[in-house]
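Participant: Let's see this in three dimensions:
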Amino acid sequence: MRVAVCFILFLSFTGRAACAADIHRCVGESGEVLFSGQPCGLGSTRVVRASDDAPPGTTGLRAGELAWLESRAASRHTARSATRPGDAARQARKAAIQAHRCQRKRHEREAVTAEMRRGYKPARGRKLRRRLRAYEDYLDAFCS
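Facilitator: Below you'll find the predicted structure:
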């Protein structure tokens with residue numbers, strides 16, 4: 001029930017219902033709730049009706065709500081863009097930690113490749129290849 005209410009509220013706040021077709025709420029065979037663009041039988045009820053007279057580009061929000069959202073977005077943007085004292089030191093510390101992690105992963109990858117070159121039992125091969133692939137994926141993703 002909460003999902004249905006959240007879905008309806010989402011549609012009403014985003015204004016997607018104004019440009020979409022009718023939305024019908026149906027109850028499935030095992031009692032689950034389904035939403036569809038088509039009526040699905042006797043048990044369907046129309047949840048949201050499409051509005052043909054809505055002007056294009058409307059969001060379904062009042063002017064006061066739009067102004068509040070814009071002011072909120074502006075205040076969040078200025079809060080994020082303001083530099084705090086110690087940001088450079090924090091970023092340098094994070095970069096040093098990441099460099100250390102990359103160095104450790106490279107070392108672990110070399111240990112796995114050395115073990116693969118030395119030889120291993122057949123049952124160990126899959127695990128070694130999986131570990132090697134994981135290390136290489138990490139290095140590709142986070143280390144340059």
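
Participant: okay, now residue 104: neighbour count?
Facilitator: 11 (other C-beta atoms under 10 Å). Every residue, glycine included, has its C-beta placed from N, CA and C.

Participant: which other helices and strands contact whichever strand or helix holds residue 141?
Facilitator: Using DSSP states H and E, residue 141 sits in helix 122-142. Helix 122-142 is packed against helix 87-118, with contacts defined by 3 or more C-beta pairs under 8 Å, 6 or more residues apart in numbering; DSSP states H and E.

Participant: Next, give phi and psi for residue 65.
Facilitator: Backbone torsions for residue 65, taken as degrees, to the nearest 10, come to phi -70, psi -40.

Participant: From residue 72, how far out is it?
Facilitator: According to C-beta to C-beta, to the nearest Å, residue 65 stands 10 Å off from residue 72.

Participant: Which residues are in contact with the residue of the chain most remote from its centre?
Facilitator: Within the chain, residue 118 marks the point farthest from the mean C-alpha position, 43.0 Å out by C-alpha atoms, centre = their mean. If you count contacts by C-beta atoms under 8 Å, 6 or more residues apart in numbering, residue 118 has none.
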